[in-house]
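Student: Need coordinates for the following:
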Amino acid sequence: MQYVWQHRLFDPTKLTTVDGRKLRVIDVGRLNTDSGPDFFNAKIGVDGCVWAGNVEIHRRASDWRRHNHHLDPAYDSVVLHVVEVPDAQVYRTNGEEIPTLVLSCSPMFRTDYEALVAHSSTQSCARHIDTLDPVLLADWVASLAIERLQSKAQRLRDWLDLYRGSWEEVCYIVVARSMGFGINGDAFERLARSLPLLFMQKHADSLPQVEAFLFGQAGLLVEGENAGDDYYARLTSEYAFLRNKFGLTPINPDSWKFFRLRPANFPHRRIAMLAQYIHRGFNLFSRICEAGSDEELRALFKVELSGYWTTHYLFGHASPEASAVLGEGAIDIVLINAVAPLLYAYGSYIGNETMTDRALSLLESIKPEKNAIVRRFAALGIAAANALESQAVIQLNNEYCQAHKCLYCRIGHKLLSRSAMKP
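Tutor: Alright, predicted model coming up:
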């Protein structure tokens with residue numbers, strides 16, 4: 001009922017109060033998400049007299065007394081009571097009667113709303129999308145892209161507060177998370193947050209020590225295992241020393257997932273690559289901000305492993321020698337999930353629109369992601385042309401479709417508006 005009122009999904013020419021007075025809605029007011037009346041600063045006309053105040057909405061008029069509004073002075077400013085069932089008269093604390101409107105809407109609205117929200121499919125609107133104006137869809141995709149970037153940026157700003165304003169520490173965590181490529185993203189984030197960058201920077205001149213820090217903290221070094229593997233034994237011994245020195249507790253090794261992963265994407269190699277970034281000094285954030293082109297940004301993440309990791313995907317299991325390099329597709333993922341949010345968050349933080357625009361243009365320059373969500377929306381007629389748009393459809397899927405928030409989705413709103421205005 002709030003939704004119907006807020007979006008004027010009623011016939012404005014047929015409004016009367018329950019006692020027969022003609023009603024005109026000039027302004028529905030502003031939705032209140034806190035305590036108090038449902039809509040603030042509404043303006044209505046009753047028999048030619050204009051009233052300005054608040055609007056309260058109930059399914060049954062008798063809810064007014066059941067909620068004790070008749071005793072609460074905060075509701076004396078209500079100028080209209082909107083209900084579905086007019087089973088009682090309502091009064092202010094001084095005894096004045098408040099006009100009541102029975103809100104009617106097309107029965108098709110309720111039917112279509114329930115069909116959208118209660119449908120088992122996350123795309124219950126699919127068969128109607130091709131009937132919508134392409135301009136509406138394009139505008140919605142553009143808004144969703146910004147919404148997703150802003151959501152990611154807010155998360156980074158929360159981390160910034162947690163790490164006392166250190167953008168390099170925030171960069172370290174978000175880059176680490178992006179190295180998980182979705183399936184191991186949470187584990188990489190837990191690893192990074194359990195191991196302060198400052199600890200490793202004190203030993204950044206020694207790659208074995210940085211690797212020992214990361215692999216040990218990841219729970220992947222256990223004394224006595226992988227007998228005969230000298231590299232593993234050296235890291236295990238080094239981590240035992242570092243763990244005692246810094247009072248570290250490793251994360252649960254069961255956090256790491258391997259199912260359906262190609263060996264090249266196993267977390268071991270990704271952790272080794274993260275160690276390379278830290279060994280190089282890890283001033284990534286400043287270098288990201290200073291990069292003058294997309295090519296310079298890509299160059300920051302081009303790292304090729306040597307030695308042990310050219311013949312291993314796991315500890316203790318030798319494999320044929322192969323290149324251990326972060327490919328272009330993998331770098332795209334890091335740019336999408338780490339670099340663009342960092343640029344946008346920092347640009348918003350310091351009020352630099354050039355930097356926030358840089359984040360958007362970076363995403364526009366990258367090919368759309370290849371995953372089940374992007375493919376499904378493409379089949380529905382919402383095809384992503386670049387990474388900015390693929391991020392938008394991921395936002396649509398995760399925050400609206402899966403949550404069945406059809407009322408808050410422009411596609412759902414448009415479809416429901418059609419239903420509400422039908423006879």
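Student: Show me which residues of the longest helix anywhere in the chain are buried.
Tutor: Criterion DSSP state H: the longest helix present in the chain is helix 134-162. For helix 134-162, the neighbour count (16 or more other CB atoms under 10 Å) marks 137, 140-141, 144-146, 148-149, 152-153, 156, 159-160 as buried. Using the backbone N, CA and C atoms, a C-beta is placed for each residue, glycine as well.
Student: One more: stretch 347-354?
Tutor: In terms of neighbour count (16+ other CB under 10 Å), stretch 347-354 has its buried residues at 347-349.
Student: Residue 89: which of those residues is nearest?
Tutor: Residue 89 has its nearest neighbour among the buried residues of stretch 347-354 in residue 348, at 50.9 Å by CB to CB.
Student: Spell out, range by range, the strands that occur in the stretch 301-423 of the chain.
Tutor: Assigned by DSSP state E, counting those that start in this stretch, the strands in the stretch 301-423 of the chain fall at 304-305, 312-314, 317-318, 324-325.
Student: gap between the third one and the chain center?
Tutor: Which is strand 317-318. 39 Å (CA atoms, centre = their mean, to the nearest Å).
Student: swap in the second one?
Tutor: Shown here is strand 312-314, whose average C-alpha point lies 33 Å from the average C-alpha point of the whole chain (CA atoms, centre = their mean).
Student: Just checking: what are the partner strands of that strand?
Tutor: Sheet partners assigned to strand 312-314 using DSSP bridges are listed as strand 317-318 (antiparallel).
Student: now what about the partner strand, what contacts it?
Tutor: Residues outside strand 317-318 that contact it (CB atoms under 8 Å, 6 or more residues apart in numbering) are 311-312.
Student: cool, stretch 223-236 as well?
Tutor: So stretch 223-236 is contacted by 208, 211-212, 215-216, 221-222, 240, 308, 315-316 (CB under 8 Å, 6+ apart).
Student: 6 Å instead, please
Tutor: 211-212, 215, 221, 308, 315-316 (CB atoms under 6 Å, 6 or more residues apart in numbering).
Student: just stretch 32-52 next, same as before
Tutor: Contacts of stretch 32-52 (CB under 6 Å, 6+ apart): 2, 21-31, 54-57, 74, 78-80, 99.
Student: List only those of these flagged as buried.
Tutor: With burial judged by 16+ other CB under 10 Å, the buried subset of these is 23, 25, 28-29, 54-57, 78-80, 99.
Student: Look up phi and psi at residue 90.
Tutor: Phi and psi for residue 90, reported as degrees, to the nearest 10, are phi -120, psi 150.
Student: what's next to the very next helix or strand once past the longest helix of the chain, contact-wise?
Tutor: Next helix or strand after helix 134-162 toward the C-terminus (DSSP states H and E): helix 167-178. Applying CB under 6 Å, 6+ apart, the external contacts of helix 167-178 come out as 156, 159-160, 163, 185, 188-189, 192, 197, 274, 284-285, 334, 337-338, 342.
Student: if we can go back for a sec, the longest helix of the chain: how far from the chain's middle?
Tutor: Taking CA atoms, centre = their mean, one finds helix 134-162 lying 7 Å from the centre of the chain it belongs to.
Student: same deal with stretch 182-189?
Tutor: Stretch 182-189 sits 16 Å away from the centroid of its parent chain (CA atoms, centre = their mean).
Student: same deal with stretch 72-87?
Tutor: Between the centre of stretch 72-87 and the centre of its chain there are 37 Å (CA atoms, centre = their mean).
Student: Start and end of stretch 299-309, how far apart?
Tutor: Distance across stretch 299-309, first residue to last, is 21 Å (CA to CA, to the nearest Å).
Student: Buried ones in that stretch, by neighbour count?
Tutor: For stretch 299-309, a neighbour-count test (16+ other CB under 10 Å) marks 300-301, 303, 305, 308-309 as buried.
Student: about what we covered before: got a winner among the contacts of helix 167-178 for most neighbours?
Tutor: residue 188 (27 neighbours; other CB atoms under 10 Å).
Student: need the contact list for it.
Tutor: Residue 188 makes contacts with 176-177, 179-180, as judged by CB under 6 Å, 6+ apart.
Student: Same check on residue 315?
Tutor: Residue 315 neighbours (CB under 6 Å, 6+ apart): 226, 232.
Student: One more pass at 10 Å, please.
Tutor: Going by CB atoms under 10 Å, 6 or more residues apart in numbering, residue 315 touches 215, 220-222, 225-226, 229, 231-232, 235-236, 268, 308.
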